[in-house]
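Colleague: Here you go, sequence then predicted model.
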Amino acid sequence: MAHLFICPNCGTRSTASDRQRGFSREARGCPKCGHTFLFELLDDYYPAPDAAFFAADQHGRLIHCGRGSFELTGLDDERVIGRPATEVLGLDWEDGTDYVEQALEWGVRVRDKRVRVHAEGDLPAEATADLFPAYDDDGGLLIILTPVKAAQSST
């Protein structure tokens, strides 16, 4: 059975027959950029070219800002590591539900949710969020925010 993976650093998708690297318990890394861990996808998922990637730990604290994160928020790893994702990114969900908390608590994927992103020191931006929990012993969450174009936001 092939497993689908996505890198939180560069967004590269890959497949493998095993979740670990060889016979070790070491997590599989990215074959393109060498990032040390990947998130497993349970179905086929293609992020938009301008999507921003963030990785959070099992408590919702950011541990990595990946591809597109600086372009969307103006934030980099040094300013966010160890801080709550919802707070640092200023996530204001359209329906009021905290989907970061829900995805972590329930261990479920959350797809296509509208959110306003108002990161520290940046202008607010409308986005669509996709969240993928980590299916390993450490837990965690991959947060992918895709900016909504002006024409899309009026619909």
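Modeller: Perfect, thanks for sending it.
Colleague: Pull the contacting residues for the residue nearest to residue 109 when sequence neighbours are not counted.
Modeller: Distances taken as Cβ to Cβ, 6 or more residues apart in numbering place residue 132 nearest to residue 109, at 5.5 Å, with adjacent residues excluded. For every residue, glycine as well, the C-beta is placed using N, CA and C. Going by Cβ atoms under 8 Å, 6 or more residues apart in numbering, residue 132 touches 6, 39, 41, 45, 103, 109, 141, 142, 144.
Colleague: Confirm that the last one lies within a strand, as I assumed.
Modeller: What that stands for is residue 144. Yes - assessed with DSSP: H, G, I helix; E, B strand; the rest coil, residue 144 lies in a strand.
Colleague: Relative to residue 26, how far out is it?
Modeller: 25 Å (Cβ to Cβ, to the nearest Å).
Colleague: Could you pull out the strands in the protein for me?
Modeller: Here the chain has its strands, by DSSP state E, at 3-6, 13-16, 39-41, 52-56, 62-65, 91-93, 110-117, 125-133, 141-147.
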